[in-house]
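Peer 1: From the sequence below, what's the structure:
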Amino acid sequence: MKLSASFLLAFVLLATTVVAQTNAVSDSKPCSLTSLKGTYGVLEQGTIVGQVPGFPPNFPPPYPIVLAASATYDGAGNLSGTFKISIGGVPLTGTFTGTYTVSSDCIYVEKFLATPPGIVPLHDSGIITGNGIFREIHYIYTDSDRVISGTAKKTPPGGCSVETVKGKYAVFGQGTIVAPGLASLMAAHVGLFTAHRAGRLSGSEFAIESGGPAAYETFTANADVSSDCTVSLVINDSEGLVVHEWGSITGEGRSQEFNGIVTDPGWVFVENVKKQ
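Peer 2: You can find the predicted model right below:
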């Protein structure tokens with residue numbers, strides 16, 4: 001009986017400890033302002049349904065948009081960064097500053113002012129997921145004049161160089177080529193490429209436009225990689241097309257990605273590149 005009683009007492013104490021530890025974990029606060037300290041690569045896609053300041057009356061909404069940005073969070077509720085955006089095929093480059101809040105259940109709310117246009121503040125809200133280099137924000141704009149979603153992913157904390165992008169990658173892209181008063185040309189492609197030394201890339205892809213037959217193409221590119229992990233690409237394909245892209249490197253190792261947009265006039269096109 002003494003052995004049984006001792007065993008029962010030990011079991012009760014163990015169970016109490018497990019419950020207490022479980023409650024401590026469930027009552028903890030996994031997210032705070034400091035959860036977002038660092039730099040993130042941003043990619044957005046959607047539609048602006050209101051008139052954009054400075055756009056001519058003969059170029060009315062809605063405007064398909066894509067945006068790539070590099071955003072830095074200070075861990076105390078402030079953010080800033082640079083962006084490139086295509087609004088209906090009109091490319092713009094600018095900067096932004098703003099503030100953000102993070103609740104204990106990882107709800108993220110942001111208010112910022114972008115220049116251009118720099119007229120009214122914009123707002124978005126979403127959810128923080130993952131940890132460390134895999135931390136991400138998935139959000140939507142809450143302003144009534146736009147229907148846009150976005151994702152922000154952590155960039156390598158040690159910074160980047162051309163050596164960061166060596167290796168084999170898969171590439172996926174899709175969007176539209178537009179011009180005022182003309183029908184949009186829808187396009188998509190998928191392919192593989194190898195990043196060599198000094199930012200030199202070469203590869204092949206299948207590309208399709210407006211539902212036509214897919215065409216096989218080869219391409220080469222030069223990548224200019226900045227220390228903040230933003231990348232500028234100049235791509236030349238076998239059809240004689242020259243395309244410019246800009247975006248950010250995120251993740252590390254086999255989880256490394258590049259997410260960006262085409263910055264040429266008339267293009268509203270996103271690019272996703274993943275390490276093989």
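Peer 1: any low-confidence regions in the protein?
Peer 2: Along the chain, segments meeting pLDDT under 70 span 1-29, 179-182.
Peer 1: Roughly how far does Ser227 sit from Cys160?
Peer 2: Using Cβ to Cβ, to the nearest Å, Ser227 is found at 6 Å from Cys160. All C-beta atoms are positioned from the backbone trio N, CA, C, and that covers glycine.
Peer 1: How about Thr72?
Peer 2: Distance of Thr72 to Cys160, computed by Cβ to Cβ: 14 Å.
Peer 1: follow-up on the earlier one: more neighbours, Ser227 and Cys160?
Peer 2: A count of neighbours by other Cβ atoms under 10 Å puts Cys160 above the other of Ser227 and Cys160, at 20 against 9.
Peer 1: for whichever strand or helix holds Ala170, packing partners?
Peer 2: Secondary structure from DSSP states H and E places Ala170 in strand 167-177. Applying 3 or more Cβ pairs under 8 Å, 6 or more residues apart in numbering; DSSP states H and E, one finds that strand 167-177 makes contact with strand 63-73, strand 185-195, strand 200-209, strand 267-275.
Peer 1: Walk me through the domains of the chain.
Peer 2: 33-154, 162-275 (automatic domain parsing).
Peer 1: Tell me how far the last one lies from the chain's centre.
Peer 2: What separates the centre of domain 162-275 from the centre of its chain is 15 Å, taken as Cα atoms, centre = their mean, to the nearest Å.
Peer 1: One more: the first one?
Peer 2: Offset of domain 33-154 from its chain centre (Cα atoms, centre = their mean): 10 Å.
Peer 1: distance between the ends of that domain?
Peer 2: 15 Å (Cα to Cα, to the nearest Å).
Peer 1: Check stretch 54-61 too.
Peer 2: With Cα to Cα applied, stretch 54-61 spans 12 Å between its terminal residues.
Peer 1: Which parts of that stretch count as buried, going by neighbours?
Peer 2: If you call a residue buried by 16 or more other Cβ atoms under 10 Å, then stretch 54-61 has these buried ones: 55, 59.
Peer 1: ditto for stretch 211-219
Peer 2: Neighbour counts over stretch 211-219 (16+ other Cβ under 10 Å) mark 217, 219 as buried.
Peer 1: go on, stretch 232-244?
Peer 2: 232-233, 235, 237, 243.
Peer 1: ok, now stretch 129-144?
Peer 2: For stretch 129-144, by 16+ other Cβ under 10 Å, it's 133, 135-137, 139-141.
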